[in-house]
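> build me a structure from this.
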Amino acid sequence: MPAIDTVRAPKISIVIPVHNGAEFLGACLASVFASDYPDFEVIVVDDASTDASASIAGQFPIRVISSPHRRGAAAARNTGAEMALGDILFFLDADILIRPGTLRAAAAEFAAHPAVSALFGSYGTHTLPENFFSRYKNLVHYFTHQNSSAEASTFCSGFGAIRRESFEQVRGFDPDFRYLEDIELGYRMRSAGIRIRLCKDLQFTHCKRYSFWSLIRSDVAGRAIPWTRLMLVRGIFRNDLNTRWNNVLSVPAAFLLLLCPFIFHHAWADATLAIVFLGLNAKFLSLTYREGGLPFALSSALMCWFSYLYSGLGVAAGAVWHVFSRTRAIFRPAARVIDA
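Below is the predicted model of the structure:
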């Protein structure tokens, strides 16, 4: 990776939206100010927090923009981008820690790939919360990023950078999206011919704390349902990220494994389906074994199976919602004529 000329280093504007993120915001900002990059600014957009987020942000030499009403992360990021002075907009979540060389590495990637207008990195294997669900989900994210294409079709606003002119070209994030606003932005950028790069060596520490129920809620309401609708609306499906062929095949395999005792009544059928499911997810489960040992890997295998069950239901719900929405759109004009 080429070195960055300090004199010519582009100014980077780090935009951090926060809503009740006091638990990790201080650590996030401390990691930013440990950076070795020569020219950056930080803008925190407080999206109507009711905790100490604003006061924590005020302890650092940054600009803090406060919103009296909650508008969502997409609108908050747009507000920060409007106030930014940098040539590169670096979007960062309040529960992400960067490394001292992160900004320099991002700038070097842009310098090495002039045709690339946006980039994002990968979660690392380590997370600060030590409970099982946080560690498990963090490894899911890490594994997904590390096994995806470097030529990306989506974007990650938790730790992603965009050249200002490209961000303005697509008019930023769509504030109507409360979930997956970064995925939607990535689809629009790709449709506009803007190249996005996944830099797997650019790794971050994710500090998000998950419980059993918050993990399910995040996976279903925040990912499976809205992502299914977004893919169907845009007509986009790629063998990448969470929709790789083994992920897709794991959904019916998980349901068959659940129903097998009621359908086949043979132990060999249960064993065969279990082997198939484990084979589809062998690389990920090997990672959980290396990172947490056998008990963690066994718990992860069970959670992996269960996650495909509820995510599959989320995909089905998203598809039904899409069909229902299209049906309403088709008949709505006729209804107005009848009412008239």
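
> kindly list the longest helix within the protein.
The single longest helix within the chain, with elements called by DSSP state H, is helix 282-339.

> from the chain's centre, how far out does that one sit?
Averaging C-alpha positions (CA atoms, centre = their mean, to the nearest Å) puts helix 282-339 15 Å from its chain's average.

> make 677 the starting number, not 1.
Understood, numbering begins at 677; the last thing we discussed is helix 958-1015.

> does anything pack onto the helix or strand where Ala950 lies? Which helices or strands?
For Ala950, the host element (DSSP states H and E) is helix 943-956. Applying 3 or more CB pairs under 8 Å, 6 or more residues apart in numbering; DSSP states H and E, we find helix 943-956 packed against helix 921-939, helix 958-1015. In this view, the C-beta of every residue, glycine as well, is placed from N, C-alpha and C.

> what's around Lys687, how many residues?
Residues lying near Lys687 (other CB atoms under 10 Å) number 16.

> can I see the domain layout of this structure?
Per automatic domain parsing, the domain ranges recorded for the chain read 688-886, 917-1015.

> avg pLDDT for the last one?
Okay, so that is domain 917-1015. What domain 917-1015 shows for mean pLDDT is 81.

> and stretch 738-756, by the same measure?
Taken as a whole, stretch 738-756 has a mean pLDDT of 94.

> buried ones in that stretch?
When burial is assessed from 16 or more other CB atoms under 10 Å, stretch 738-756 yields the following buried residues: 738, 740-741, 743, 747-756.

> follow-up on the earlier one: can I get the domains of the chain in TSV with distance to Val896?
Shown next, in TSV, are the domains of the chain (distance: least, CB to CB, whole Å):
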stretch	distance to Val896
domain 688-886	11
domain 917-1015	4
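
> was I right about Phe767 contacting Gly836?
Yes - with contacts counted by CB atoms under 8 Å, Phe767 reaches Gly836, the gap being 5.4 Å.

> name the element Ala794 belongs to?
Going by DSSP H and E, Ala794 is part of strand 792-799.

> who's in contact with that strand?
778, 782, 785-786, 814, 817-818, 821-822, 828, 831-832, 834-839, 841-842, 862, 865, 870-882 (CB atoms under 8 Å, 6 or more residues apart in numbering).

> restricted to helices, list these.
778, 782, 785-786, 814, 817-818, 821-822, 841-842, 862, 865.

> ok, these vs Trp903, which is closest?
Checking the ones in helices among the contacts of strand 792-799 against Trp903 with CB to CB, the nearest one is Gly862 at 11.7 Å.

> only the buried subset of the contacts of strand 792-799, as a ChimeraX command please.
Filtering the contacts of strand 792-799 down to the buried ones (16+ other CB under 10 Å) takes a single ChimeraX command:
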select :778,782,785,786,814,817,818,821,822,828,831,832,834,835,836,837,838,839,842,862,865,870,872,873,874,875,878,879,880,881,882
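
> what ranges do the helices span in the stretch 677-826 of the chain?
All helices of the stretch 677-826 of the chain, identified by DSSP state H, counting those that start in this stretch, fall at 698-708, 729-733, 749-759, 778-788, 808-822.

> not counting sequence-adjacent ones, nearest residue to Phe849?
In space, and not counting its chain neighbours, Phe849 is closest to Ala750: 3.8 Å by CB to CB, 6 or more residues apart in numbering.

> contacts only, for the one you found.
With contact set as CB under 8 Å, 6+ apart, Ala750 has these partners: 849-854, 857.

> the same query, at a cut-off of 10 Å, please.
Counting by CB atoms under 10 Å, 6 or more residues apart in numbering, Ala750 touches 693, 833, 848-858, 860-861.

> from the residues you listed, which ones fall inside strands?
Secondary structure defined by DSSP state E assigns Pro693 of those to strands.

> which of the contacts of Ala750 lies closest to Arg910?
Using CB to CB, Glu860 is the member of the contacts of Ala750 that lies nearest Arg910, at 8.3 Å.

> just the pLDDT for the spatially most central residue of the chain.
Centre of the chain computed as the mean C-alpha position; nearest residue by CA atoms, centre = their mean is Cys832, 5.1 Å away. In this model, Cys832 is scored at 91, pLDDT.

> adding distance to Ser798, write the helices of the stretch 677-826 of the chain out as CSV.
Shown next, in CSV, are these (distance: least, CB to CB, whole Å):
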stretch, distance to Ser798
helix 698-708, 16
helix 729-733, 26
helix 749-759, 20
helix 778-788, 12
helix 808-822, 4
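
> so which of those helices comes closest to Asp723?
Closest among these, using CB to CB: helix 749-759, at 4.6 Å.

> CA atoms only: put that closest one into CSV for me.
Coordinates of each C-alpha in helix 749-759 appear next as CSV, following Å, rounded to 0.1, in the frame of the first residue of the first chain:
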residue,chain,number,x,y,z
ALA,A,749,-29.2,7.6,11.2
ALA,A,750,-29.6,8.3,7.5
ALA,A,751,-30.8,11.9,8.1
ALA,A,752,-28.1,12.4,10.8
ARG,A,753,-25.4,11.3,8.4
ASN,A,754,-26.6,13.6,5.7
THR,A,755,-26.6,16.5,8.2
GLY,A,756,-23.0,15.8,9.2
ALA,A,757,-22.0,15.5,5.5
GLU,A,758,-23.5,18.9,4.8
MET,A,759,-21.4,20.5,7.5
